[in-house]
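[1] Sequence below, structure please.
(2 chains)
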Amino acid sequence: MQPLAFSQISGRFISQLLSRRPRISQIKQIHAQIIVRSLVSARLSLIDSLIHCYLHSKSLNSARILFDNYRSSPPPPILLWNLMMRAYSKLQHSSEAINLFRLMIDTQAKPDDYTFTFVITSCAHQDSVVCGRIIHGMALKNGTFLNLYVANSLIGMYAAFARVDDAREVFEELSETDVFSWTSLVSAYAKNRDMRKAGEVFCKMPVRNDVSWAVMISGFVSSGRYTEALRYFHDMFPEFEPNEAVLVCALSACANLGSLDQGKWIHGYVDSNPSLQSSNAMTALIDMYAKCGRIDCAYRVFDKIMRPDIHNYTSMISGLSIHGLGEEAIHVFQRMLAEKLSPNDITILGVLNGCSHSGLVQQGSSIFYSMESSWGVVPKIEHYGCYVDLLGRAGYLAKAFGIAKSMPFNPDVVVWRALLSACRIHSNLSFGERIISYLEQLDSGSFSGTNVLLSNLYASLGKWEKVTQVRKVMGKQMNPAGIGCSWIEVGGVVHEFRVADVLHPQIVEIREKLGEILNRVGVVGYAADATHVSFDLNEEDREQAVAWHSEKLAVAFGLMSSVSGASIRIMKNLRTCEDCHAVLKAISKVYDREIIVRDRARFHTFKQGKCSCKDYW
DNA sequence: CTAGGGTTAG
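    Now for the predicted structure:
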């Protein structure tokens, strides 16, 4: 810390010093000098500047103490109230900003347009819309018409709560609008998962900017419409350069689609723009590579980061975990601890997940039981779910069940499913049926995922009449669009396949190729298993449906297009069925190809007739 | 030496 030279102190000199926004250590020295030399009474505005500087250096408490002293007499100017509120809202202390607003009203100070914009922005971060509605009313009473800034923050506030009608109402009342008003309205529809309406408003916008595009792209990503997200991403060129937020969203879309080629292209774009090389972008790149099956590339991005932060570490650890590299995940976790970085709840979820899939019961248990005392992370239900999964997979069914029953949460579908899955792995029918009774009591919406597990449990025990029974129920409940969907990326284009698909333009050739594949794998002993396929079809159509199963179509297309030399990557969103597993093993052997399948968040690598994943079937 | 300082969307 450089001591300041205070030989020639005057109020004017201090005022000049403060106007240069000094660092916190210097602000404190100046503050001390103001007190020592009793400059306060001579110059009240020095206190204003001092508060300003404390806020600038994010020392809210110091600023607040000065502000509170100020409040008695004379009253602080509106500007200071506003600055305090803005600081609270910027630093995510939205409740404190609202408290201050209340205090302001109580002390008869009159809020202005700035006050309203800051406090309404804070209301957007509250749990409920109630506060925002009240303050909306006050803003209306305060002036004859709504200031554009105030109105825009109201639209943004209603957007945050997905209250499209309220947002629209404020928007319609405006006599003039700007890009903020429009973007906020688009954001309201996007938050409400209504991308059709969001798109309509987006089209009507008189002026768009990078944030408007970002809102659309992130809206598509959060409603799971990744292909459309990438289409918008491409459409924004060359009119707009994507900013960091857009790239992170686009990378997330690539990660979810397994779209490695497009992900690589974005990586190149980031590499050539130093301004885009933020921590968030690195985190998204690591995640993208990991989820596209390229843990080696993820590692390379991670290793280039000078001082990885907690988010970089978290995505690296989670990436290793979904690749079944539990030991490696723990290794990176320990490296992170050695760097004096404290894990957050997601980091711990990542490590536990890694332990779970690698059978590291000791390490996982130790992390689970010490997470609160060591790092102050209170276990959430997800952590219990992960731990139950860890114990269950390792065969400690009774212990896992005990945790599920005694944890401080009511077990949810995820926890019961983890147990049910463990019952399947360890062929424990009696435990499985007990868990099913718990699952049925939960009465929570869709049971399709549960029924898949249940039917697989019965199948693994050879109880075929039970399998048929469950499949019948499933056929009635399941959304046909949500099942049996696989996709593969070839040359930057994602090709999607469904059971009994006829939509693909090259479907005839793909079908031919599939016929050839099935003939060749028949020789090494693969026989299609009709019990796991397309339950809503009649017996007659089953034989064909077996041949048309979505993963097979994707693989056939991959072989036809010679994807990435030796390896074929398929991404899918449903559990790999036994039949698919068998055919992929056979194909990897006959065609001498490496086939990587991503099933939800897990990778299975098929190589020379074997699968890397031990715990699966 | 006083005035001015401060706004909204992902």
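[2] contact partners of stretch A:337-347?
    A:307-310, A:313-314, A:317-318, A:333, A:336, A:351, A:371, A:375-377, A:380, A:382-383 (Cβ atoms under 8 Å, 6 or more residues apart in numbering). Placement of C-beta: from N, CA and C, glycine included.
[3] Show me which positions of that stretch end up buried.
    A:341, A:343-345, A:347 (16 or more other Cβ atoms under 10 Å).
[4] Pick the one among these closest to DNA strand B.
    The closest of the buried residues of stretch A:337-347 to DNA strand B turns out to be residue A:344 (Cβ to the nearest atom of the strand; 20.9 Å).
[5] Can you name the residues of the stretch 151-300 of chain A sitting close to DNA strand B?
    Within reach of DNA strand B by Cβ under 7 Å from any atom of the strand, the stretch 151-300 of chain A has these residues: A:152-153, A:156, A:159-160, A:178-181, A:183-184, A:187, A:209-212, A:214-215, A:218, A:243-246.
[6] rerun that using 6 Å as the cut-off
    A:152-153, A:156, A:160, A:179-180, A:183-184, A:187, A:209-212, A:214-215, A:218, A:243, A:245-246 (Cβ under 6 Å from any atom of the strand).
[7] pull the longest helix from chain A.
    Scanning chain A for the helix with the most residues, using DSSP state H, yields helix A:507-523.
[8] of the contacts of stretch A:337-347, buried ones?
    Among those, those scoring as buried are A:308, A:310, A:313-314, A:317-318, A:333, A:336, A:351, A:371, A:375, A:377, A:382-383 (criterion: 16+ other Cβ under 10 Å).
[9] domain parsing for chain A?
    For chain A, automatic domain parsing gives the domain ranges A:219-301, A:483-611.
[10] Comparing those domains, which stretch has the densest surroundings?
    Mean neighbour count (mean count of other Cβ atoms under 10 Å) peaks for domain A:219-301 among those, with a mean of 20.
[11] tell me the mean pLDDT for that domain?
    Mean per-residue pLDDT for domain A:219-301: 95.
[12] How much space separates residue A:120 from residue A:411?
    As judged by Cβ to Cβ, to the nearest Å, residue A:120 and residue A:411 stand 40 Å apart.
[13] Same drill for these two, tell me which one is more crowded.
    residue A:120 (28 against 22; other Cβ atoms under 10 Å).
[14] Distance to residue A:389 for the domains of chain A - can I get that in CSV?
    As requested, the domains of chain A are arranged in CSV below (distance: least, Cβ to Cβ, whole Å):
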stretch, distance to residue A:389
domain A:219-301, 20
domain A:483-611, 12
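[15] Restrict the helix or strand hosting residue A:32 to CA atoms and write it as PDB.
    Assigned by DSSP states H and E, residue A:32 belongs to helix A:24-36. The C-alpha trace of helix A:24-36 is given here as PDB (Å, rounded to 0.1, in the frame of the first residue of the first chain):
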ATOM      1  CA  ILE A  24     -10.100   0.900  -1.100                       C
ATOM      2  CA  SER A  25      -6.800   1.200   0.900                       C
ATOM      3  CA  GLN A  26      -6.500   4.800  -0.300                       C
ATOM      4  CA  ILE A  27     -10.100   5.600   0.300                       C
ATOM      5  CA  LYS A  28      -9.600   4.500   3.900                       C
ATOM      6  CA  GLN A  29      -6.600   6.800   4.300                       C
ATOM      7  CA  ILE A  30      -8.500   9.700   2.800                       C
ATOM      8  CA  HIS A  31     -11.500   9.000   5.100                       C
ATOM      9  CA  ALA A  32      -9.200   9.000   8.100                       C
ATOM     10  CA  GLN A  33      -7.700  12.400   7.100                       C
ATOM     11  CA  ILE A  34     -11.200  13.900   6.600                       C
ATOM     12  CA  ILE A  35     -12.000  12.900  10.200                       C
ATOM     13  CA  VAL A  36      -8.700  14.000  11.700                       C
END
